[in-house]
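everything below, folded, please.
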Amino acid sequence: MFNQSKIVGLPVSRIDGPLKVTGQAKYAAEHFEPGMLFGSIALATIASGRITAIDTKAAERFPGVVKVYTHENRPKLAYRDKKWKDEVAVPGHPFRPLENDRVLFDGQPVAFVVAETPEAARDAAALIRADYATDKSHTDIIAEQHNSYEPPVARMKQFLPPPPRGDAEAAFASAPHKISADYVIEGEHHNPMELFAATVLFEKDGELTIHDKTQGSQNSRDHVCGVFGLDPEKVVVKNSFVGGAFGQGLRPKHHLVLAVMASLDLSRSMKVEMTRREMFYLTWRPSSVQTVSLAVDAQGHLLSVMHHAVHATSRYEDYQENVANWTGLAYKCENAKLSYELAKLDMATPGDMRAPGAATGVTALETAMDELAYEVGVDPVDLRVRNFIHRDQNQDKAITSKALHACYREGATRFGWSKRSPAPRSMRDGHDLVGWGMAGGIWEATMAPAEATAQLFADGKVIISAAASDIGTGTYTILGQLAAEEFDVPIEQVTVKIGESALPKTGVQGGSWTAASTGSAVQKAAKTVIKTLLGHAQEMENSPLAKASEDQVVIAEGRLALEANHQTGIAIADIMHAAGLSSIEEHAKVAPDMVRMMTFAAYSHSAVFVEVKVDEDLGIVRVTRVVSAIAAGRILNPKTARSQILGGVVMGLGMALHEEGMIDHRTGRIMNHNLAEYHVPAHADIRDIEVIFVDEDDDKASPIGVKGLGEIGIVGVAAAVSNAIFHATGKRIRTFPITVDKILESETVQ
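Next up is the predicted model:
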């Protein structure tokens, strides 16, 4: 299907790596110009209510303070909702900082201080005093699930559950083996290394250059232009380097609006950098309650699958994820009933966090599948194999490729699954109980419209341009590899320009679609350059390529030559010289193949195997081994790809054992808004993680055969850990994260 690779598919080190490790890569908060101002935000200390009075006098008198903004003196901004909606906005009324006296969530901005130094802004913000009329807050998903509702408007049509098929309830009632259980996942908070920041450089003619922590420079630019009524030609947003985001940077944050607001109001350059505490008041993976009911016949074939999911949203927006639908397509079953509802909480709108919906829904599904395996008395892998299907039953579509069998087989072999003793509490290592668990994973392989330009110079140097972001995934490198392969040059001769709104249009970086989308655009732009080069070659006198077609030629060793015979061709420098050119630049657009989308569904798949050791007396869990087998189409760079899966696995371990936003439901306030008390996996928590990429050719998922890797690495990990803990202890814990107290308090399943 693909030409033999010259560099694509090789473990090339990140081309941006030297800049990062030497400190030369500048992030959003690291840009500076003399005379710029600095902003700091004063936060609400209630979760619901109104501001009855706000005292800013002490802050205004503080040395170095230039201005203090509140809802009482905020400059006039756009009124209509559509002006505030960004590219990935959800239904509802987008949040607007300092809009009025209403407080919608703990940590909401109530004032914004601008000063000559960041220290003065911070210290003055601490002097602001607000009085409140407090309403009763509702932040507990367990209590609020009974007030849930179906989304009135779909964020995305495919997020809504499909119509029921068959009669799931009747099939469940009559089945010989069945399980039904509730699974609770507490809310998680993104904690990328880089804090959110915006540096706004104000030009005298009103033009703005903005360095923003974002996953989409064009999304931030369009948002700013909508809110402030600016000409997009006069605003450039750059995000050349992004220190992690995990979905938190998909939507523009209020720091950007406040920074631009002050810059325009004061005609000065402006910088705002959030604190770690403030990061907890932004988007978060919503807390959820899910009920999964599964039934099988005596041979372990699924007769009924039912999945009801309720997760949190804010008071002002209807945030939605694809949570329940995975249960209807992961395994073969003719009877399915899936439902999905939201519950409004007095918190900020949740947001996409690595594998949104799938990380939540598949955790419940794959834990339930493990429970079902014990109910039937079959091996957990065998149960999944018995119910394998190569079709998306939700959409009644064939699947482009599904190498999940290979994931099961290769993952189990590498892990040593055949040596597992099936009975809970039957494996020990000294004082530790040993548990082996597994789970499957699935994530949609999508492609978005994208554009790119490729420029080839006579000396063989290449420039690739697209607005795409690199949030740590390796976008710089894989785009460079694709271009280097098409032009047959060392990757050192390729310059990759991304992370700027003025570059060719791409979508936000999220959903694991950047490689498939922007990568395909880069390849197409390169091929268009070769086509143009061929046209110039054919105009040369006595051209050996006069009768060649574009699919018959390649660039090899600095020459445009016949693919079948590299001896027949012309040097690129000679072609350009004859045409009077120093370079050739072409632009390309790609978009999903709508005909294929109507016929096929595309997914990445995984099988995750986990070993845990649990101290029998203390309930302390250590994850000692993980094997993650991945089927994700063509792997452009196994080094950066492995890094993505490692990161996903670590986040999955955090979801299973560590991460939990702790809220005082009496006040609605987040209590652990720091990395001392909000636990994420540390180096000491991580042992052996092995990543396997199984062979999978897919010529339908995307033009370059890739499916994306950012999300699939986390999906199923939390379930596999949970299943391993049950195997070790005999205790089935259905509330995540699984902490020591829950293990000690739970009863062993008889």
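
make it CA atoms for all contacts and neighbour counts henceforth
Will do.

Ile620 against Val614, yeah?
Yes: taking contacts as Cα atoms under 8 Å, Ile620 lies within contact range of Val614: 5.5 Å.

neighbour-wise, which of those two wins?
Val614 (24 against 15; other Cα atoms under 10 Å).

can you list the strands that whichever helix or strand that one is part of pairs with?
Element membership of Val614, judged by DSSP states H and E, is strand 603-615. Applying DSSP bridges to the sheet, strand 603-615 is found paired with strand 432-444 (antiparallel), strand 621-631 (antiparallel).

so can I have CSV of the ones you listed showing mean pLDDT?
Converted to CSV, the strands paired with strand 603-615 look like this (pLDDT from 0 to 100):
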stretch, mean pLDDT
strand 432-444, 98
strand 621-631, 98
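
hey, where'd the helices end up in the stretch 651-750 of the chain?
For the stretch 651-750 of the chain, the helices defined by DSSP state H, counting those that start in this stretch occupy 717-729, 740-745.

as TSV, these with mean neighbour count, mean pLDDT and distance to Leu19 would be great.
Formatted as TSV, the helices of the stretch 651-750 of the chain follow (neighbours: other Cα atoms under 10 Å; pLDDT from 0 to 100; distance: least, Cα to Cα, whole Å):
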stretch	mean neighbour count	mean pLDDT	distance to Leu19
helix 717-729	31	98	33
helix 740-745	15	96	42
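
on that earlier part again, quick check: which of the strands paired with strand 603-615 is nearest to Val310?
Proximity to Val310 (Cα to Cα) singles out strand 432-444 among the strands paired with strand 603-615, at 20.1 Å.

break the chain down into its structural domains.
If you go by automatic domain parsing, the domain ranges for the chain are 17-24+447-591, 31-136+193-245+249-279, 144-188+284-446+598-745.

who touches the helix or strand hosting Glu410?
Per DSSP H and E: Glu410 is located in helix 404-415. Outside helix 404-415, the residues that touch it by Cα atoms under 8 Å, 6 or more residues apart in numbering are 381, 385, 418, 605-609, 626-631, 692, 694.

that one - what's its average pLDDT?
When pLDDT is averaged over helix 404-415, the result is 98.

what do you get for stretch 123-141?
Taken as a whole, stretch 123-141 has a mean pLDDT of 98.

stretch 11-29 too?
97.

quick one on the thing from earlier: kindly export the strand holding Val614 (C-alpha atoms) in CSV.
Only the C-alpha atoms of strand 603-615 are listed here, as CSV (Å, rounded to 0.1, in the frame of the first residue of the first chain):
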residue,chain,number,x,y,z
TYR,A,603,-11.2,3.1,15.3
SER,A,604,-7.9,2.5,17.1
HIS,A,605,-7.9,-0.5,19.5
SER,A,606,-5.8,-1.7,22.4
ALA,A,607,-5.4,-4.5,24.9
VAL,A,608,-4.0,-3.5,28.3
PHE,A,609,-2.5,-6.0,30.7
VAL,A,610,-1.6,-5.0,34.3
GLU,A,611,0.0,-6.5,37.3
VAL,A,612,-0.6,-5.1,40.7
LYS,A,613,0.8,-5.9,44.2
VAL,A,614,-1.4,-5.1,47.1
ASP,A,615,-0.1,-5.0,50.7
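
include distance to Gly460 when you put the helices of the stretch 651-750 of the chain into a markdown table, please.
Formatted as a markdown table, the helices of the stretch 651-750 of the chain follow (distance: least, Cα to Cα, whole Å):
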| stretch | distance to Gly460 |
| --- | --- |
| helix 717-729 | 45 |
| helix 740-745 | 60 |
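
out of the ones you listed, flag the one nearest Met662.
The closest of these to Met662 is helix 740-745. By Cα to Cα, the value is 14.8 Å.

may I have the phi/psi pair for Ser520?
Ser520 adopts backbone torsions of phi -70, psi -40, taken as degrees, to the nearest 10.
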